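Undergrad: I'd like to go over a predicted model; first the sequence, then the structure.
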Amino acid sequence: MNRSGAHAANRCHHRLLTGLIVSLIACVALCIGAGVALCGLNWYGEQVGGLGADNPKLQETFDTFTDRLAEAEAAREEALTELSGAQSRAEELEGEISRLEQRLEETQSALAEANGKLEQAEQAMPAYPAGAKLAALTFDDGPNKYTARLLDILKEKETPATFFVLGSWAERYPELIRREVAEGHAVGSHSYSHTKLTTLTAEEIAADLDKSLEALTRITGQTPSLLRVPGGHYNDDVRAYAREKGLRIIQWSVDSRDWEKKNRDSIMENIFESRYNVKDGGIILLHDVHATTVDCVGEIIDRLKAEGYTLVTVPELLRWRAAYGEAGEVYKSLPGTA
C-alpha cells in the first residue's frame, strides 16, 4: 500500500475510535442521569408514602411516581447493558484494527520482497545480439507425474522453458512448481480448472483465474505475469481481466499437436516440417502430461540448437522483442527485426 493509503487507514482508525469514545460518553451520561432521577424519585416516595392512606389523590400521585421510578430503573439497566456492549465492541474493533495493521505490514513486506526478486531476475537475464534466432519451449496442463523427468532433461540440456500450469494441479504438486522456478524456468497461469473461458461470465472468469493466481503466488512467492488461456480461447472479458491483473496473454506460433497422435514422428514433423514450423521468435506449444512428449524433448532441443536457435523463456522473449509487452495484449510469436 502507498503512503496515501496508509494515511487513509490511519484516518479511518481515528474516526472509529472517536465514534466509540462519543458513544461511551453518551452511555455514561445516560447512566448518571438515570441514577440521579432514581435518587430523586426514591426521596419523593419516602416523603409522600406515609400520607397516601389518608389522601387518595396523593396516593394516586405516589403510585404514578412509583411507576416512573420503575421505568427509570429499567432505563438505567438498559443503559448499563448498552454501555457494556459498547465497551465489548470497542475491544473487538481494537483487535480487528490491530490485525488489519499487521496484515498491511505483511503485505508491504511481501511486495518489497517480490519486487526485489523481480529486479534480480531481470539483472540475471542474458543479453542477446540483434541477429540472434530465439525460440521458446512452452509446456501446458501440468504439473503431473512426467514433469520431474522433463525437468531432469531440461537441466541436462541447460535449456530454460516456460510452464503454463493449472492451479488445481499446482496445489497437488507444489514441490514441482517450486523446482521449476528454482531451476530458472518461467511459470504462468493456464487457469485453475481448464474450463473454456469464453463460455463463462466475466465474474466466473475472474473467479477461476483469481484462484489460479492465488495458488501460484502462494506456492512460489511470485505473482505470475503470463496467462495462456485453455484451448487458446479468449474474448474481451478475458483481455479486460488480463489488463487489470497485469497479465500478458501468450498463445503459440508452433503447435506440436502432441496430444493428437502421441508419437515422436508426428511431433517432430509438426514442429520442424509443417507450414507453421518454427521460425525466429517462435513460441512452441507442448504438453508435459504426455509421456511421448517428454521422451522426445531432448531431440527437439538438440535439433533447435543445431539450426541456430537460442532457447529462452517467454519473459526473456518478451523482454528482448517487445520491451516486456503490455498487459492484456496477445502474443503468438515475437520475431526479430533483423
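TA: Happy to help now that I have it.

Undergrad: use CA for all of it now, contacts and neighbours both
TA: Fine.

Undergrad: how about the nearest residue to the residue most central in space within the chain, chain neighbours excluded?
TA: Nearest residue to the geometric centre of the chain (Cα atoms, centre = their mean): E214, 4.3 Å. Counting by Cα to Cα, 6 or more residues apart in numbering, E214 lies nearest to T223, which is 7.9 Å off, once chain neighbours are set aside.

Undergrad: Look up how far W252 lies from the residue nearest to the centre of the chain.
TA: Distance from E214 to W252, counting by Cα to Cα, to the nearest Å: 25 Å.

Undergrad: pretty sure Y309 contacts K133?
TA: Yes - counting by Cα atoms under 8 Å, K133 is a contact partner of Y309 at 4.9 Å.

Undergrad: intersection of neighbour lists for the two?
TA: D280 (Cα atoms under 8 Å, 6 or more residues apart in numbering).

Undergrad: now the residue nearest to the centre of the chain: how far from A240?
TA: Distance of E214 to A240, computed by Cα to Cα: 18 Å.

Undergrad: Do a quick rundown of the helices in the stretch 1-150 of the chain.
TA: 3-49, 56-124, 147-156 (DSSP state H, counting those that start in this stretch).

Undergrad: can you list the domains in the chain?
TA: The record assigns the chain these domain ranges, following automatic domain parsing: 3-123, 131-331.

Undergrad: Need the three-state assignment for S193.
TA: Under DSSP: H, G, I helix; E, B strand; the rest coil, the three-state class of S193 is coil.

Undergrad: show me the contacts for it.
TA: S193 touches L166, G167, S168, D208, counting by Cα under 8 Å, 6+ apart.

Undergrad: got it, and D265?
TA: Under the criterion of Cα under 8 Å, 6+ apart, D265 has no neighbours.

Undergrad: For the helix or strand where it lies, the averaged confidence score.
TA: In the assignment (DSSP states H and E), D265 maps to helix 264-272. Averaged over helix 264-272, pLDDT sits at 96.

Undergrad: Convert that helix to CSV, retaining C-alpha atoms only.
TA: Presented in CSV, the C-alpha positions along helix 264-272 are these (Å, rounded to 0.1, in the frame of the first residue of the first chain):
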residue,chain,number,x,y,z
ARG,A,264,7.6,-39.0,-31.9
ASP,A,265,7.4,-38.6,-35.7
SER,A,266,4.2,-36.6,-35.7
ILE,A,267,5.5,-34.2,-33.0
MET,A,268,8.8,-33.6,-34.9
GLU,A,269,7.0,-33.1,-38.2
ASN,A,270,4.6,-30.5,-36.7
ILE,A,271,7.5,-28.6,-35.2
PHE,A,272,10.0,-28.7,-38.0
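
Undergrad: Going C-terminal from that helix, what's the next secondary structure element?
TA: Downstream of helix 264-272, the next assigned helix or strand under DSSP H and E is strand 282-287.

Undergrad: Now do the helix or strand just after that next one and helix 147-156, the angle between them.
TA: With elements assigned by DSSP H and E, the helix or strand that comes after strand 282-287 is helix 291-306. Put simply, helix 291-306 runs at 10 degrees to helix 147-156, going by axes from the mean of the first three to the mean of the last three Cα atoms, to 10 degrees.

Undergrad: who does the helix or strand following helix 291-306 pair up with?
TA: Going down the chain from helix 291-306, the next helix or strand is strand 309-311, by DSSP H and E. Within its sheet, strand 309-311 is paired with strand 133-140 (parallel), according to DSSP bridges.
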